[in-house]
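Student: predicted model and sequence follow; I will ask about them next.
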Amino acid sequence: MSLPQRPDEATRRLVDPACRVTLAGAANPVDDAAAERLKATFDSEELAAFLHDGVDKLQRREELVKLLQSQPWSDKTHRYFLTREQEYVGGLEAAVGIWQQMRGERLSMEDGITMRSLAYFPGGLELHIGMFIPTILGQGTPEQQAKWLPLCNRLQIIGTYAQTELGHGTFVRGLQTVAVYDEASKEFVVHSPSLESTKWWPGGMGKTATHVILMARLFVKGKDYGPHSFVVQIRDLATHLPLAGVSVGDIGPKMGFNGVDNGYLSLDHVRIPRDAMLMRFAQVTEEGRYIPPPPDNQKAAYATMVYVRATIVRDSGDFLSRAVTIATRYAAVRRQTATKLGEPELQVLDYDNVQQILLPLMSRAYALVFMGRSMMDMYHSFDSARARGDFSVLPELHALSSGLKALSTDIAATGIETARRQCGGHGYMLASGLPTLFNSYVQNCTWEGDNNVMYLQTARYLMKAAIAVQTGKPLTGSAKYLSDAARQPNAKCQVAAPEDWRAPAHQLAALAAVAAQLTAQAAAVLARAGGGRPGVEGEAWNSSSVDLIRAARAHIALYLHQNFIECVEAASSQRKLSAGPAAVLRQLVALHGVATLLDAAGDLQERGYATGRQVALLRGEQRTLVRALRPNAVALTDSFGYPDYMLNSALGRRDGNVYQALLDSAKSSPLNATQEGPAWKPVLEPLLNPQARSRL
Ligand SMILES: CCC/C=C/C(=O)SCCNC(=O)CCNC(=O)[C@H](O)C(C)(C)COP(=O)([O-])OP(=O)([O-])OC[C@H]1O[C@@H](n2cnc3c(N)ncnc32)[C@H](O)[C@@H]1OP(=O)([O-])[O-]
Ligand SMILES: Cc1cc2nc3c(=O)[nH]c(=O)nc-3n(C[C@H](O)[C@H](O)[C@H](O)COP(=O)(O)OP(=O)(O)OC[C@H]3O[C@@H](n4cnc5c(N)ncnc54)[C@H](O)[C@@H]3O)c2cc1C
């Protein structure tokens, strides 16, 4: 059923005159959405093509959307009304459906990845694709890859990554699952020796996976060599029943992501062949000799975590930009409160407070999108170097990917919820798309390394850099600015007018000053706690962790902003963008710098780098930049290039027809399947129906 957007004539004649004025003033959201696009000062399609690496890629996405919309397994109409079991089965059907389409239509891997993100239906294959295959690729020998990867690619086996246990997630060296080499049979015996050693959390392990990458402590001839990776079959391929000695199941409902069957697993002296240990780096020979990984790659078994953290950084911009798209488009068509009776009500996006929240969030989404691309480039160049046996960039990559994983997911998770709250009551509807987006995103702050713990890994690197600075050693890489800061410990902010704060040079100088101060402070606190001895472990480290995390956050915030500036300047100087989109991106960069600095307003002043007046100028500049960007708000969401099918949001639809979409969605609620509702017979009728009540 379709209702008119404005009150019809008959209604207007019925209502009293005062009310009539308000009703007549109501605007049409579809007109508002169209009018917004006319305000734009740049070509949003050009920017969209740039962000998606070409018009042809965008067109291809449209074709893939059509393909998905024609399939029952990727229909999203009922997505918000599913039971846990339906979600689990549906998530798998979608993943398998995409895989079959790829095979049947001979689609490329890139098409498959795009289809997965368009359909976005997390399920039992997430870890097969996201960690099982990458671990075999990264840590398996060529022979092991040849054995396992074809089976993985044909979905003849399904795997997951089983590292975390009931008792240990963060402290990987504390894992209790063991893999003991038996020289007589040339097998490993994998075993869970305690309740705490039960594997807990691996995605898809509950009811889907047939195999796991098991992270277990390797024992050879009684010696403990710490966590190593093994491929272990847990279910029979013909019956899907657990193999002997394997106890496995689903861990139960979670805050979100319920299509994924996260699982538990306990092993009772299960025997696996020697070649089940992934031996690209560390090896155990037939006769039971342990060959360690190369000295500069002692953490080879942790490499999958570095890869996945890089992909998490990449995805953060994607998720935040979806939320910003929904909230901004809705704020542009939602009207609330007329300043004068009889005047049209204001678009919510024209309220200063809403703009001041949504547009900085937009700038953060763009910054994360660019960061994600750079992070993956960094990972791929490490991967090529690793193939040549060169691990020299790993410490820097680990420090950056850990800190960026933490900061980007903090920004994205907080940002999605902020965006949802800007949508008022309708943002609380699943049909808005925002609650599901938040609930299925927020675990990114925890998995693959809790964010506090990840900041502390970056801090470990920073503290070593701080010690190097103190001893006069030259620094390279992302912490190089610490040497410059040490040479000018009393540098002061040079901003004199509000617009000075737009200059990348002023912004970077201020962010570097904050990061350098917080690093120096953390180093001093750590040294004091350690009785003057520098160290990156133990009680002194623990009692300094608040300062360490602040320092790491500031270091990564600087890195994120610097990357945004460099990417936009490179695109502009290489003429990948024309003047219009380049100018708007520069405004976003400026706003991102200002918003990031405002997050650190206290730190800017605490040690006298900036004055209160300079911070006031910064705040004023944020207002100016937000107002300058306001006409482009909706066009900037268009440049993210999300098809309506992908967003699956009544509020974020491109055409602005939000109220009709909400009503249509409500009508598909299973509670509306009958007029009287499912509680009528068992509960309500005995109470309400006089005849039934008389029978009580
Ligand atoms: C799709 C997603 C689904 C989710 C899946 C999951 O969650 S799966 C489960 C995901 N689970 C998690 O993410 C668990 C999170 N926990 C961990 O990653 C680790 O246990 C830890 C990093 C917290 C500490 O580890 P530790 O106590 O062994 O280490 P330490 O602090 O004593 O440092 C020793 C040295 O190692 C270095 N180094 C460390 N890591 C790496 C690395 N990846 N690479 C390279 N290097 C690394 C470190 O810099 C240091 O170097 P230095 O200074 O000596 O030259
Ligand atoms: C949805 C979801 C899916 C997951 N999927 C998988 C999977 O597929 N495979 C898998 O193996 N694992 C998986 N995990 C597990 C995940 O990797 C861990 O939960 C994560 O690494 C955090 O570890 P933890 O749960 O032990 O937290 P804990 O370490 O118990 O953390 C609790 C608190 O202690 C703090 N803390 C802990 N250690 C330190 C420290 N050294 N210094 C300072 N603070 C500290 C943390 O910051 C946190 O605040 C998943 C988790 C979730 C939520």
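Tutor: Good, I have the coordinates. Ligands and ions are numbered 1, 2, ... in the order given.
Student: point me to the residue of the stretch 201-350 of the chain nearest ligand 1.
Tutor: Closest residue of the stretch 201-350 of the chain to ligand 1, C-beta to the nearest ligand atom: Y302 (3.4 Å). Every C-beta, even on glycine, is put in place using the N, C-alpha and C of the backbone.
Student: what does the stretch 51-200 of the chain give?
Tutor: For the stretch 51-200 of the chain, C-beta to the nearest ligand atom, closest residue to ligand 1: V172, 3.5 Å.
Student: these two touch, right, that residue and H228?
Tutor: No - here V172 lies out of contact with H228, judged by C-beta atoms under 8 Å, at a distance of 11.1 Å.
Student: what touches both of those two?
Tutor: Overlap of the contact sets of V172 and H228 (by C-beta atoms under 8 Å, 6 or more residues apart in numbering) consists of M215.
Student: between those two, who's got more neighbours?
Tutor: For V172 versus H228, neighbours defined as other C-beta atoms under 10 Å are more numerous around H228 (24 against 18).
Student: who are the contact partners of that one?
Tutor: Residues near H228 by C-beta under 8 Å, 6+ apart: A179, M215, A216, R217, L218, M277, L278, A282, A301.
Student: in the helix or strand that contains D56, what counts as buried?
Tutor: Assigned by DSSP states H and E, D56 belongs to helix 55-69. Buried residues in helix 55-69, counting neighbours by 16 or more other C-beta atoms under 10 Å, are found at L58, R60, R61, L64, V65, L67, L68.
Student: stretch 494-507 now?
Tutor: V495, P498, D500, W501, R502, P504, H506, Q507.
Student: sorry, back to before: how far away is the residue of the stretch 51-200 of the chain closest to ligand 1 from ligand 2?
Tutor: 9 Å (C-beta to the nearest ligand atom, to the nearest Å).
Student: now K223
Tutor: Taking C-beta to the nearest ligand atom, one finds K223 at 25 Å from ligand 2.
Student: from what I can see that residue touches Y290, true?
Tutor: Yes - between K223 and Y290 there is a contact at 7.3 Å, judged by C-beta under 8 Å.
Student: which one's more surrounded, the two?
Tutor: In this view K223 and Y290 are compared by other C-beta under 10 Å, and Y290 has more residues nearby, 16 against 9.
Student: now the more buried one. Nearest residue, chain neighbours left out?
Tutor: Of all residues not flanking Y290 in the chain, V220 sits nearest, at 4.8 Å (C-beta to C-beta, 6 or more residues apart in numbering).
Student: and the residue of the chain nearest ligand 2?
Tutor: For the chain, C-beta to the nearest ligand atom, closest residue to ligand 2: G169, 2.2 Å.
Student: I figured that residue was touching E196, is that so?
Tutor: No - between G169 and E196 no contact is recorded; they are 11.2 Å apart, counting by C-beta under 8 Å.
Student: those two - which one has more neighbours?
Tutor: Applying other C-beta under 10 Å to G169 and E196 shows that G169 carries more neighbours, namely 18 against 14.
Student: pull the contacting residues for the more buried one.
Tutor: So G169 contacts W201, D450 (C-beta under 8 Å, 6+ apart).
Student: any idea how far L508 is from ligand 1?
Tutor: 26 Å.
Student: surely A582 touches A570?
Tutor: No - counting by C-beta under 8 Å, A582 does not reach A570; the two are 10.9 Å apart.
Student: ok, these two, which is more surrounded?
Tutor: A direct count of neighbours by other C-beta under 10 Å for A582 and A570 places A582 higher, at 20 against 11.
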